[in-house]
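*Asks:* Task: produce atomic coordinates for the following.
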Amino acid sequence: MPLNIPNLLTWGRILLIPLFVGVFYIHHDWLAPHEQNLAATAIFIVAAMTDWLDGYLARTLKQTSAFGAFLDPVADKLMVAAALIMLVQLDRADTIVAFIIIGREITISALREWMAKIGASRSVAVSFLGKVKTASQMVAIPMLLYHDPMALFEPQRVGTWLIYLAAALTLWSMIYYLRMAWPHIVERA
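*Replies:* Model prediction:
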C-alpha cells in the first residue's frame, strides 16, 4: 500500500466517518441540535472536498495506484452510506431512498469487479449519468444534514427533492450499467 498524499486523504475521509456519526450522539448539553447539524454538514462537505482533492493530487503528482483506485470509491460509498443511514434515523430521508442508493452502489461495485475479472471493465466505466447522480446526491445530503431553515431558503425541502432525484438517477444509471454488461452476462451464463 503506497503511502502518498492522495491515499492519506482517502484514509482521512474514512476516519471522518465515526466523527461524522458521533456528532449526532453527543449530548445536547454539549452540542445543541442545530450545532450537531452544522458540524455534521461541515464534516460531510470536508469529506466530499477531499474526494475531489485526492483524485486531483493523484493525477497532478502522478501518484495514482491500484490501491488508491480501489480505496477511493470505497471511502465515498462508506461516507454516503453513513450519511444516508443517519438521515433515515433522523427522519430526514426515506428508507426506500437509502435502500435504492446503497443497494445500487453494492450492485454496481460487484458488477464492476466481475467485469474487470473477465476483462470487460470498459463496458461499465463511469458514465455522465453516474456523475450527475453523484452530484445530485452530494448536494442533497449536506442540505438534509443541515436541515435548519435559512431565511427564505429551506434546505430540507430542496434536499428532499434532490435526494429523490438522486434515487431516480441511481435506478436509471443502474439499469444503464446492467444493459451495458448484459451481453457479457448472457455470454457467460
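*Asks:* For M150, grab phi and psi.
*Replies:* Torsion angles at M150 (phi, psi; degrees, to the nearest 10) stand at phi -130, psi 100.
*Asks:* what comes up buried for stretch 6-17?
*Replies:* 6-7, 9-11, 13, 16-17 (16 or more other Cβ atoms under 10 Å). The way it works is simple: take the backbone N, C-alpha and C, and place the C-beta from them, glycine included.
*Asks:* Could you dump those residues into CSV and include distance to E187 and secondary structure?
*Replies:* Output for the buried residues of stretch 6-17, formatted as CSV (distance: Cβ to Cβ, whole Å; DSSP: H, G, I helix; E, B strand; the rest coil):
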residue, distance to E187, secondary structure
P6, 36, helix
N7, 36, helix
L9, 39, helix
T10, 35, helix
W11, 38, helix
R13, 37, helix
L16, 42, helix
I17, 39, helix
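*Asks:* Now do T170: how many residues are near it, please.
*Replies:* 25 (other Cβ atoms under 10 Å).
*Asks:* Any idea how far the helix or strand that contains it is from the middle of the chain?
*Replies:* Per DSSP states H and E: T170 is located in helix 155-188. Its chain's average C-alpha position is 13 Å from that of helix 155-188, according to Cα atoms, centre = their mean, to the nearest Å.
*Asks:* Cheers, nothing more for now.
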